[in-house]
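**Q** Prediction below, plus the sequence it came from.
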Amino acid sequence: MSAPDARRDPRLDTEGVLDFSQLSVSIETFTQRFEQYVRDTVAASDAERLAADTHRVEAQEQQKALERQREASKQSQKQLWETVASERDADMKLRERVQNLHAQRSSLVQRAATLTNEAAEIRALIRSRRAYKTEKMQKLREQTRRNIPELIALQQSTGLTIEAGEQLGTLRFVFQHLTPHAGECALDLDVSQSKYSVPAHDARLRETTVRALLRDLNSSGDVFGFIKGLRKAMQAAVGS
């Protein structure tokens, strides 16, 4: 064997056969380490994926929670706007009612003032009419008092008696001796108004005759002529 053969591979056995025992150990060691690396890498990847899944689930839950909060916020905001709108509507209605009440109060105040003025005018008118009637009655009484002698002479000559009627403001004209057997014949004349009227009269007098006498009296104001016409009408009525 030559000199190079003297430096042969130690892996060669004494008989010149290759020794792979160390290589097998190295390969086995590498295989174990690689498998451990693969397991560690897979485990790390699984852990990262699990963490990522957990984070994604948590993110989804947070997103859902945010969406629920947003929906709740929307509902709350909607309810708030509805409440505000309802309160605004109620406030507007209340303001309108208050304005209507103020307008009604002003109208009532004006109406009360008008009624007060009207009542004052009516009271003044009543007082004026009462004063007018009182003055007229006083004048009539005074005139009657002054005419007593003439009335006595008139009664004696014509059988006429003038006295106060049953109603206030009326005079009763009672005629006697119209005919030998006629008895009394009376007529009540209302002198309390601007126009004379006859509230009652003897049933033997016709309505047309009384209306004609009143029409002449109200147009002329001639009381003496009325009395003369009344006596003639009564004589005709009781003599018929």
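**A** Thanks, I have it.
**Q** how far is the helix or strand hosting residue 208 from where the chain is centred?
**A** Per DSSP states H and E: residue 208 is located in helix 207-220. In terms of C-alpha atoms, centre = their mean, to the nearest Å, the centre of helix 207-220 is found 57 Å from the chain centre.
**Q** Kindly report the same for stretch 188-207.
**A** On the basis of C-alpha atoms, centre = their mean, stretch 188-207 sits 53 Å off its chain's mean C-alpha point.
**Q** What of stretch 80-94?
**A** Worked out by C-alpha atoms, centre = their mean, stretch 80-94 lies 21 Å from the chain centre.
**Q** which residue ranges form the strands in this structure?
**A** Counting by DSSP state E, one finds strands in the chain at the ranges 160-164, 170-175, 185-190, 197-201.
**Q** Show me what counts as buried in the first one.
**A** By neighbour count, with 16 or more other C-beta atoms under 10 Å as the criterion, the buried positions of strand 160-164 are residue 160. Bear in mind the C-beta positions are built from the backbone N, C-alpha and C, glycine included.
**Q** helices and strands around that strand, which ones?
**A** helix 148-158, strand 170-175 (3 or more C-beta pairs under 8 Å, 6 or more residues apart in numbering; DSSP states H and E).
**Q** right, and the ones you listed - which one's nearest residue 63?
**A** Residue 63 lies closest, by C-beta to C-beta, to one member of the helices and strands packed on strand 160-164: strand 170-175, at 107.5 Å.
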